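> Quick one: sequence plus predicted model below, questions after.
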Amino acid sequence: MNVLGIPLSDFQNIFEKMKLARTKTPRFHEEAYFFLMEALTFTVSKLAEPRHITGPELLFGIREFTVQRFGKMSKTVLNHWGIFTTDDFGQIVFDLVDAEVLRKQPNDKFEDFHAVYDFHQTFEKDFIISEDV
């Protein structure tokens, strides 16, 4: 049996690894980890060809995906999940790397996620819904 083209046993393995990742930083809601994976897929799908993306590239993709998904509630939803800064997304990414859900390149580092944008500025003060949404 396949789920989304992935054999069920592999899907269950990924799910278990994601649960393990969350145990590293339990202050984040489980949904935050799944959301990050969706945002990663969204971000990579916008590239001409799939490739490894940098922390800032992922963060800008997350920003766009979040606004499309939650609109003016974006900051509220992220805060509910325990995400208050771009550094928090970095923590989730590295939790997933440690759990072997994601892979990193040798030059990838946690600092790539530090203060890339301000949540208040991005999701409240300068909030703009694109015409594409």
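Arrived safely. Numbers count the residues shown, from 1 in each chain.
> ok, the closest residue to Val44 other than its chain neighbours to Thr122 distance?
Spatial nearest neighbour of Val44, excluding adjacent residues (CB to CB, 6 or more residues apart in numbering): Pro50 at 5.4 Å. From N, CA and C alone the C-beta is placed, and that goes for glycine too. Distance of Pro50 to Thr122, computed by CB to CB, to the nearest Å: 26 Å.
> quick one on the thing from earlier: does the residue nearest to Val44 belong to a helix, a strand or coil?
coil (DSSP: H, G, I helix; E, B strand; the rest coil).
> So Pro50 and Thr122 - more neighbours on which side?
Using other CB atoms under 10 Å, the more surrounded residue of Pro50 and Thr122 is Thr122, with 19 against 8.
> surely the more buried one meets Phe60?
No - using CB atoms under 8 Å, Thr122 is not in contact with Phe60; the gap is 10.0 Å.
> need the strands for this protein, in chain order.
Counting by DSSP state E, the segments of the chain that form strands are 2-3, 6-7.
> Any idea which helix or strand in this structure has the lowest mean pLDDT?
strand 2-3 (a mean of 40; mean pLDDT, DSSP states H and E).
> circling back to that earlier point, now the residue nearest to Val44. Its backbone dihedrals?
Note on Pro50: backbone dihedrals following degrees, to the nearest 10 are phi -60, psi 140.
> Val116 too?
phi -70, psi -40.
> Help me confirm that it comes into contact with Leu58.
No - Val116 lies out of contact with Leu58 (CB under 8 Å); the separation is 9.4 Å.
> In contact with the residue nearest the centre of the chain: list those residues for me.
When CA atoms, centre = their mean is applied to the chain, the residue found nearest the centroid is Leu36 (2.3 Å). Each residue near Leu36 by CB atoms under 8 Å, 6 or more residues apart in numbering is listed here: Ile62, Phe89, Ile92, Val93, Leu96.
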